[in-house]
Structure formats: C-alpha cells, structure tokens
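> Mind folding the following:
(chains A and B)
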Amino acid sequence: MSTTVLPATVLPAGLPAPAIEPLARPYWEGTRAGRLVIQKCRGCGRHQWGPEWICHRCHSFDLDWAEVAPRGRIWSWQRPHHPVHSALTGHTPYTIVLVELPHADNVRMVGNLICPPDAKVEIGAAVEAVFEPHDAADPPYTLVQWRLAG
Amino acid sequence: MSERTLRGKVAIAGVGETTYYRHGQSPDAEFKLALQAVLAACNDAGIDPRDVDGFASYGGDRSEAVRLAAALGIKELRFSNMFWGGGGGGVCGAVANAAAAVHSGMADCVIAFRSLAQGQFARYGRGAAVAAAAGDDAFLAPYGLMSPAQRFAMKITRFMTDNGIRHEALRAIAMTSYHHAQANPNAVMRGRPLSAEKYDASRWIIEPFHRLFDCCQENDGAGAVLVVPADRAKDLPHKPVYLLGAAQGGHHRSAAPVHNAPDYASAHFKTVARNMWEMAKLGPKDCNVVQAYENFTGGVLLSLVEHGFVDPRTANEELVLDRLLAPGGAMPMNTSGGNLAECYMHGLEMVNEAVRQLRGTAINQVPGANVVAVLGGPMVTPVSSLVVGTEATL
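I've put the predicted structure just below:
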C-alpha cells in the first residue's frame, strides 16, 4: 500500500497536536508506520470511524483495528480564509476535505487537501492519503493528508 | 387515556430582555444581565419574581438556577434544568422543558432564559489555545478545523452543491435580518443596513458559502420568557401566547464522531420538525411568521427546508428578499433582526419576537399573525423547535 510521506507540513507549525488517547492509539501507531488503520468490529465485521467504545451496529465491545486502503473520494470541502488560530495568521486560505472511504463501509475522515489555494475542488473526486510526520513533536505523531489521485 | 401533548397546555405570559451590546461592550456582568432579563419578564407578566419556582436554560449557561433563585429571594425552587448541547440548539428545548415542568405540575411559574457576556468570557469564533486536542478534536484541530463555522461549513457545501442552490439565496437571508433590524431600537446592527453590494464585497470567512455577513455576530445581553399554566395566563395582563408544539433531539447518529453522521448534509431537524408539527397539528403553511436561528445563513436554509418552509428544488426562487420581509412577504422571517442583526442571544430574542408578533406589538408587525414558528440553532445536535399561537389557534 501507499506509504507516501510528505516532506513538509500542509499547515504551519503551532496548531494543536492530537492528544494520543488510549481509545485511538492503534490509529496513531498506524499513521506513524504509514498505514491507515481504523476500527473494525469482530462481531459484525464492519468498520466505524471515529473510534468508539462499542460497535454502533451490533453493540459488540470486541473492536479490532484493521488496515484499510488509503484511498477515498471527496464527500465535501471548505476553504477557510479567516484564521481561527494564531498559527494560521498569514497562512490562509487552506482547504479542508471530508473524505469518504468506499473500501471501509463509507466511513469519513477529515484532512487537508494538498492543492493550490485557488484550486477548484470537486465533490466525488478520487483522493489518496499522504502521511505527514511531525517528528519533532513530543510525542511525535503523523497526520493523514489527502491529494488528488493521479 | 388522555392525549400526551403540550398543545395549548401552557402559555408564555412574559418576555424580558436587556439592552443588547456588541461583544465586550456590556457595562454589566453576565449574571447581572440574567437578573435584569428575568425581572423584566416577571414585570411584563405582572408576576412577583419571588413567585418564580423554576429556571430552564441551554448552551451551558453560566447563570445557574440556584444562584438566580438565591439572588432574587425566590421562595421555593421546584425546577432547575439545563438542556445539553452547545450554542442555540436548545433555545426552544429550554422553553419546552419549562412547559413540561409546568404542565406536569412539577412547577407553576418557570423562566426559560439565556445570558451571555462574550466580552467577559471566551469568544466562540476562535479555537481554544491548547497544546493538544482531545476527543473528536484530535481528528479536526490539527487540520485547522476549530470554529463553529468550520464545523458546519461542509454540510452547507454539500447540500447547496447537490441542490444547485446559489449563494444569492443566503444573501437574501442575511439582508432580511439586517432590513428588519433597521427599525428596531434595540438591534445592535440598527443604522448599519446591508445592501447586496456590501454583502458581495464582504470578505470570505470560508469558501464557498460563508462571507462575513453569512456569519452571526457575538454579543452581550440576556433574554427571558415566563411560562405558566394556560388557565393562569388568562388572568395576566397580556394576551396569552400558547405553546402549540415543541420538539427536540436529533436523527439517527446525528452526533456520530468526526463528521460521520449518516445523514450529514442536514441541520438535524428532520425528525424534530416532524414531531413538532405533529404535536401542533399544524404545518409550515399555517405559520404567519417564522423565526429561524441564524448561526450561519446556510443553516437557515437547511432549517427552512427540513421544517417544510422551503423546497430545495425551488430554493433559489423562494429565498428572495421580497418574500421574506414583513409585513407583506409570503414568508416573513426574523422580523426583529434575528441573531445576525438584532442580537446573537442564542435565539432567545427570537422567542421574544414570536411573542410580540402574536400580541400584535412587534416593531415589524405582520398583521393578524396567529401562528409563529421558532426554529432553534441548526446543525449542532441536539436541536429544538417550537410553534406558538394565539387563542384563536386552540
């Protein structure tokens, strides 16, 4: 599977880091290794996202984690211009996408689309994940970003 | 077994509000604003504030019921209630909770209120200054998704793209509120009219559907309504305004984490609106006026569609200024200026305006208004709505 790693970050330094909480630890361990890993229920075999303590479909607490294809399609998008955080001042606009993963029961993930600030964005466009390491952070973490699939 | 309903069982007998201020401009502390609004509602209803026996609020209001009761020398507190959820999702829910308490006999005289001094406390439009984002935010904040506008924007992008709705429809919603505010002495945006040109020239907050004037202000102030049994309301000074229907909640998994609600491009009113109309035994066509909470104009569009006021297929033709203005529009909306231009009092100001329309005392009065719907804050979850009417609707 794709293990594309981004040389620089999409957004400037200084934004909040993700807290690596126990419920989501396998996801964050996966991204560090360049793998997209999400919750999959051992009871009914279906994926869910974000992480939950229970399967919302069959109520099993026996939730596994499974690697899924790092590919999806844009379900919706936005391009913020107003800086909502001091780190973003002078760095807008940027593009946020909601990506649906057809190979994983259509769960959706939020990330940035790697594109020029005036690029046209099409709902339904195919995208692929790009792993963005923040190695200097304590603890280090890796975000999942998206780019149009070539 | 008698029918389980709130229809016609309770009435709003008093409304109160403070002076409304731009955020940070209130000379008074948030709790003092709450006290002022509560006293004003009691005075309007001709009821001694010491006889109030309950408080209901929403949005995590900081003016706690017991503190209000102590400050006002309330004789006996019988009901205190907080509606879960953020922003104005609970505005109609708080009124409905007060109504349920009164109708069930748990209390007799309940205030539903909201107090906000965003100057005294944190503002909404900026992300919290934290080093690490936890819970859902761990999957959002690192991508620069933090503000309320950003939490909802992708619902609006998807719905408007799918239905071919133009930004001009949202412009009409914004201009309606600003137009009505120009006649309202307590409107924060009085004296600042909004033309189409000014709207079009305003800066982007978020592309593709949020210009500056699509977004609500942040304000200081407080508002309150007093809910009593229907029988009691008849003996009080004002024409009673009866609760005809109210509902709250959310559709299937509306709060699914990280933007995974199955029916995502929604204001979350689909089941709520159905339940409200069912209780009211009315529909959108029966309403003379609608108050639709604007956090963002796109949310108003979704609310109107989900309550049956607007057909998404013809939204571009329906959401035009002439149709939305009092007194003569086909669907007069946000007649005091709403959140955008009267005051962002998390919609409580809209409940007050619904009452004034039914009393016949509104500044932008719709002649002969008998039924008014209030659609609470959209796109958060849970959400709530209500419909009120005059005695003629019972």
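> next structured bit after the worst-scoring helix or strand of chain B on mean pLDDT?
Lowest mean confidence among the helices and strands of chain B (mean pLDDT, DSSP states H and E): strand B:132-133, at a mean of 93. Later in the chain than strand B:132-133, the nearest helix or strand by DSSP states H and E is helix B:148-163.
> which residues touch that following helix?
A:75-78, A:80, A:82, A:84, A:96, A:98, A:123, B:87, B:124-125, B:140, B:144-145, B:165-166, B:205-206, B:208-210, B:215, B:259, B:264-267, B:295-296, B:298-299, B:301-302, B:312-313, B:315, B:379 (Cβ atoms under 8 Å, 6 or more residues apart in numbering or on different chains). From N, CA and C alone the C-beta is placed, and that goes for glycine too.
> sorry, back to before: what packs against the least confident helix or strand of chain B?
strand A:17-18 (3 or more Cβ pairs under 8 Å, 6 or more residues apart in numbering or on different chains; DSSP states H and E).
> could you say which helix or strand contains B:Ala11?
strand B:10-17.
> Pull the distance from that strand to the chain's centre.
15 Å (Cα atoms, centre = their mean, to the nearest Å).
> Check stretch B:382-394 too.
On Cα atoms, centre = their mean, the centre of stretch B:382-394 falls 13 Å from that of its chain.
> cool, and stretch B:248-268?
19 Å.
> Quickly check: it near chain A or not.
Yes. Between stretch B:248-268 and chain A, judged by Cβ under 8 Å from any Cβ of the partner chain, the touching residues are B:Arg253, B:Ala256, B:Pro257, B:Val258, B:His259, B:Asn260, B:Tyr264, B:Ala265.
> follow-up on the earlier one: list only buried entries from the contacts of helix B:148-163.
Neighbour counting over the contacts of helix B:148-163 (16 or more other Cβ atoms under 10 Å in any protein chain shown) leaves A:75-78, A:80, A:82, A:84, A:96, A:98, B:87, B:124-125, B:140, B:144-145, B:165, B:205-206, B:209-210, B:215, B:259, B:264-267, B:295-296, B:298-299, B:301-302, B:312, B:315, B:379 as the buried ones.
> B:Pro262 contacts B:Arg253, doesn't it?
Yes. Assessed by Cβ atoms under 8 Å, B:Pro262 is found in contact with B:Arg253 at 5.9 Å.
> how about low-confidence regions in the chain?
By default, I'm working from chain A. A:1-3, A:7 (pLDDT under 70).
> Chain B, not that one
In chain B (pLDDT under 70), the answer is B:1, B:123, B:125-129.
> how far away is the most centrally placed residue in it from chain A?
Central residue of chain B (Cα atoms, centre = their mean): B:Gly347, 2.6 Å from the mean position. From B:Gly347 over to chain A the distance is 23 Å, taken as Cβ to the nearest Cβ, to the nearest Å.
> Repeat that for B:Asp108.
41 Å.
> Sticking with the residue nearest to B:Gly87 when sequence neighbours are not counted, tell me its helix or strand.
Using Cβ to Cβ, 6 or more residues apart in numbering or on different chains and skipping residues adjacent in sequence, the residue nearest B:Gly87 is B:Gly377, 4.7 Å away. Following DSSP H and E, there is no helix or strand that holds B:Gly377.
> wait, B:Gly377 sits on B:Gly93?
No. When contacts are counted by Cβ under 8 Å, B:Gly377 is not listed as touching B:Gly93 (9.9 Å).
> quick one, what contacts residue 121?
No chain specified, so I'll use chain A. A:Val121 neighbours (Cβ under 8 Å, 6+ apart): A:Ile74, A:Trp77, A:Arg79, A:Thr95, A:Val97, A:Leu113, A:Cys115.
> Correction: the question concerned chain B.
With Cβ under 8 Å, 6+ apart, B:Phe121 has these contacts: B:Glu30, B:Arg62.
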